[in-house]
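Participant: using only what follows, build the 3D model:
(one chain, ligands or ions: 1)
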Amino acid sequence: MRYRLRPVPHRLFLRKDGGVDIQIPDELLPADGRFGAGPSKVRPAAVSALAGVATSYLGTSHRQKTVRDQVARLRRGIGEFFGLPAGYEVVLGNGGSTAFWEVAAFGLIRDRAQFASFGEFGAKFAAAAEAAPFLGEPTVRKAEPGSAPSLVAEPGVDAYCSPHNETSTGVAVPVRRVAGADEGALMLTDGTSGAGGLDVDLTETDVYYFAPQKCFGSDGGIWLALMSPAALARAAEIKASGRYIPAFLDLVTAVENSRLEQTYNTPALATIFLAAEQVDWMLEQGGLAWAAKRTAESASILYGWAERSPVASPFVTDPTLRSNVIATIDFADGVDASAIAKVLRANRVVDTEPYRKLGRNQLRVALFPSIEPSDVERLTASIDYVVARL
Ligand SMILES: *Cc1c(COP(=O)(O)O)cnc(C)c1O
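Facilitator: Predicted coordinates:
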């Protein structure tokens with residue numbers, strides 16, 4: 001990757017020793033400074049709960065009841081949180097969402113897929129299918145970063161694929177089936193950063209997959225997929241067709257293990273426990289309706305501030321595409337966003353840097369349910385404080 005250093009303003013604010021001369025007053029600083037898009041803020045209460053099972057759960061066999069009970073708690077909680085429609089199943093496996101793209105290429109796409117590609121993550125899934133020698137040439141519908149393409153019915157396409165929320169650009173699209181698609185065509189939705197923070201009707205998709213290091217306030221390493229009966233049948237059909245499927249990426253094996261509250265190989269036990277804690281916490285708060293309302297509140301604070309600011313503006317110009325879970329904020333020429341991010345970081349407000357390949361004068365801020373709207377408010381005050389002193 002190539003990048004240019006931006007000219008540094010003539011008044012130096014970073015000392016040679018890496019220290020910083022702009023100290024944001026405590027009363028402006030967020031109580032918790034983690035605004036990263038993933039790994040994202042893990043609630044300290046969840047970590048305390050994990051510490052509480054340090055000797056009874058961590059370091060014990062994933063084939064025994066203690067661990068399987070936590071997998072069951074997670075699967076049950078996820079099902080309740082999303083109002084799992086009849087016949088849908090909560091499936092999990094190792095490797096995160098990136099692994100799930102390969103799982104889907106091997107086990108869900110029969111021949112030809114159509115992809116919505118409007119940022120880094122949508123493009124990566126499309127690339128995985130393009131590279132698979134046993135699949136037909138996919139259709140990739142592209143849009144410039146900051147906007148989104150539509151999926152359109154196309155004869156012969158057996159899987160339509162889109163992110164729910166494009167984490168690299170802060171664009172969210174509704175989860176909706178493609179009108180006029182071939183009978184039996186599947187809808188596959190990458191919910192990695194949207195799941196848990198954006199409203200969704202699962203009957204509008206066949207596979208809603210994600211990893212728990214974003215809204216689910218856990219750590220990375222596993223994928224979860226909410227699969228419709230049609231998706232479960234497709235996976236079984238492809239496996240029965242005799243296609244070569246690496247065992248680690250075999251979706252049918254993952255389904256069978258999930259039904260037994262297990263994974264094919266050893267999972268990260270802490271990841272499972274923290275995700276289960278988060279789901280139970282969000283259910284106590286009021287479930288998905290509560291979470292979506294909270295991220296909407298944080299988003300209105302941040303976008304409202306950017307629209308009022310003389311130097312900041314939302315990168316996504318169409319308000320209906322602006323994500324409530326990942327906000328991207330552009331800065332005017334002459335205000336160096338990377339300098340703001342550096343000062344914030346030196347004040348322990350971290351991970352506001354933009355997606356690196358987007359290459360914009362921008363900050364990117366996660367607004368996941370764990371993040372307090374009051375901390376988003378304080379973040380805007382902190383940015384204003386820094387901008388005034390750069
Ligand atoms: C983070 C992210 C991924 C990648 O998830 P991993 O668990 O790191 O593989 C995929 N898609 C989207 C939309 C994401 O935000």
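
Participant: so A99, which state does it fall into?
Facilitator: Secondary structure, DSSP: H, G, I helix; E, B strand; the rest coil: A99 is helix.

Participant: what's it in contact with, if anything?
Facilitator: For A99, the contact set (CB atoms under 8 Å, 6 or more residues apart in numbering) comprises 93, 223, 249. All C-beta spots, glycine's among them, are computed from the backbone N, C-alpha and C.

Participant: distance of the closest residue to the ligand within the stretch 1-150 of the chain from G119?
Facilitator: Going by CB to the nearest ligand atom, the ligand is nearest to G96 of the stretch 1-150 of the chain, at 2.6 Å. To G119, G96 is 17 Å away according to CB to CB, to the nearest Å.

Participant: any idea how far the residue of the stretch 1-150 of the chain closest to the ligand lies from I78?
Facilitator: 16 Å.

Participant: out of those two, which sits in the more crowded spot?
Facilitator: Between G96 and I78, counted using other CB atoms under 10 Å, the more crowded position is I78 (23 against 19).

Participant: per-residue confidence for that one?
Facilitator: Predicted confidence (pLDDT) at I78: the value is 98.

Participant: likewise A159?
Facilitator: A159 is given a pLDDT of 98.

Participant: go on, R356?
Facilitator: At R356, the pLDDT value in this model is 88.

Participant: check D21 too.
Facilitator: 87.

Participant: so what's the residue count around R243?
Facilitator: Other residues close to R243 by other CB under 10 Å number 12.

Participant: show me where this protein has helices.
Facilitator: Under the criterion DSSP state H, the chain contains helices at 44-52, 65-81, 96-107, 120-131, 229-240, 251-259, 269-285, 287-308, 337-346, 373-389.

Participant: what's the closest of those helices to A31?
Facilitator: A31 lies closest to helix 373-389 among these, at 5.8 Å (CB to CB).

Participant: quick one, the closest one and helix 337-346 angle?
Facilitator: Counting by axes from the mean of the first three to the mean of the last three CA atoms, to 10 degrees, helix 373-389 points 120 degrees away from the direction of helix 337-346.

Participant: could you export helix 373-389 as CSV, CA atoms only?
Facilitator: Output of helix 373-389 as CSV, limited to C-alpha atoms (Å, rounded to 0.1, in the frame of the first residue of the first chain):
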residue,chain,number,x,y,z
PRO,A,373,-24.4,7.7,23.6
SER,A,374,-23.1,10.1,26.3
ASP,A,375,-19.5,9.0,25.3
VAL,A,376,-20.3,9.8,21.7
GLU,A,377,-21.4,13.3,22.8
ARG,A,378,-18.1,13.6,24.7
LEU,A,379,-16.2,12.4,21.7
THR,A,380,-17.6,15.3,19.6
ALA,A,381,-16.6,17.7,22.4
SER,A,382,-13.1,16.3,22.4
ILE,A,383,-12.8,16.6,18.6
ASP,A,384,-13.9,20.2,18.8
TYR,A,385,-11.4,20.9,21.5
VAL,A,386,-8.6,19.3,19.4
VAL,A,387,-9.5,21.0,16.2
ALA,A,388,-9.5,24.4,17.9
ARG,A,389,-5.9,23.8,19.0
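
Participant: stretch 309-316: which residues count as buried?
Facilitator: Within stretch 309-316, the residues that qualify as buried are 309, 311-316, counting by 16 or more other CB atoms under 10 Å.

Participant: including distance to Q213 and pLDDT, could these go into JSON lines?
Facilitator: Rendered in JSON lines, the data for the buried residues of stretch 309-316 read as follows (distance: CB to CB, whole Å; pLDDT from 0 to 100):
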{"residue": "S309", "distance to Q213": "30", "pLDDT": "98"}
{"residue": "V311", "distance to Q213": "31", "pLDDT": "98"}
{"residue": "A312", "distance to Q213": "27", "pLDDT": "98"}
{"residue": "S313", "distance to Q213": "29", "pLDDT": "98"}
{"residue": "P314", "distance to Q213": "25", "pLDDT": "98"}
{"residue": "F315", "distance to Q213": "23", "pLDDT": "98"}
{"residue": "V316", "distance to Q213": "23", "pLDDT": "98"}
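
Participant: just curious, which of those is nearest to the ligand?
Facilitator: Looking at those and their distance to the ligand, the nearest is V316, at 15.4 Å (CB to the nearest ligand atom).

Participant: quick one, what contacts that closest one?
Facilitator: 146-147, 169-171, 322-323, 328.

Participant: grab the nearest non-local neighbour of R73.
Facilitator: Closest residue in space to R73, ignoring its immediate chain neighbours: A276 at 4.5 Å, by CB to CB, 6 or more residues apart in numbering.

Participant: what does Y209 give?
Facilitator: A225 (4.1 Å).

Participant: pull the contacting residues for that neighbour.
Facilitator: Applying CB under 8 Å, 6+ apart, one finds that A225 lies in contact with 90-93, 100, 207-209.

Participant: how about stretch 360-376 and the ligand, touching?
Facilitator: No - contact of stretch 360-376 with the ligand (CB under 6 Å from any ligand atom) is absent, the minimum separation being 10.0 Å.
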